[in-house]
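Q: the following block contains a protein sequence and its predicted model.
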Amino acid sequence: MKILLIGLAIIFSLGFISAGLGLITLPGHVASNSVQTAHDVVDKTINANNALFNYEEFFNKYEGAKMQATNIKNTEKAIQTLKDTYGEDAIKWSKDVRNDYSNLQQNIEGYKMMYQKNCSRV
């Protein structure tokens, strides 16, 4: 029984010692990682390939946002044309016209979601 207690005391002591050493060396580890992270950021910023990739990604997202804005305008014009042709009162429309209107409404909602997605990334 005495040997078991001594063994447990040694195990707990080693655990406390290793935890204490970890706390002592923690500031040095944090500082080392901070310096390495800053170095990596500078390397990535100066890297020409990375800069070109970032520009191309931005440009593609910008063009996508412009395309979605055009799609929104065209769909709004199509909805207005439909209303001008068949009147504002949807109750008088045929089933096909109501389906067309519903599809245009769904399209415009999808375009708006894509536009917001592209703009939030730009």
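A: Done, it's in.
Q: continuing past the helix or strand of the chain with the lowest mean pLDDT, what's the next helix or strand?
A: In the chain, the helix or strand scored least confidently by mean pLDDT, DSSP states H and E is helix 2-46, which has a mean of 65. Proceeding N to C from helix 2-46, the next assigned helix or strand is helix 48-86, under DSSP states H and E.
Q: same for that following helix, what does it pack against?
A: On a contact count with 3 or more CB pairs under 8 Å, 6 or more residues apart in numbering; DSSP states H and E, helix 48-86 meets helix 95-121. (Glycine included, C-beta is placed from N, CA and C.)
Q: return the angle between stretch directions for the helix it packs on and helix 48-86.
A: Comparing the axes of helix 95-121 and helix 48-86 via axes from the mean of the first three to the mean of the last three CA atoms, to 10 degrees yields an angle of 150 degrees.
Q: can you tell me what sits against stretch 108-121?
A: 61-62, 64-65, 68-69, 71-72, 75-76, 79 (CB atoms under 8 Å, 6 or more residues apart in numbering).
Q: dump that stretch to CSV, restricted to CA.
A: Taking C-alpha atoms only, stretch 108-121 is exported to CSV below (Å, rounded to 0.1, in the frame of the first residue of the first chain):
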residue,chain,number,x,y,z
ILE,A,108,-35.0,37.6,-59.5
GLU,A,109,-34.8,36.3,-56.0
GLY,A,110,-32.0,34.0,-57.0
TYR,A,111,-30.2,36.7,-58.8
LYS,A,112,-30.4,39.0,-55.8
MET,A,113,-29.0,36.3,-53.5
MET,A,114,-26.1,35.7,-55.9
TYR,A,115,-25.5,39.4,-56.2
GLN,A,116,-25.4,39.8,-52.4
LYS,A,117,-23.1,36.8,-52.2
ASN,A,118,-20.7,38.2,-54.8
CYS,A,119,-20.8,41.7,-53.2
SER,A,120,-20.1,40.4,-49.8
ARG,A,121,-16.9,38.7,-51.0
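Q: brilliant, that's me finished.
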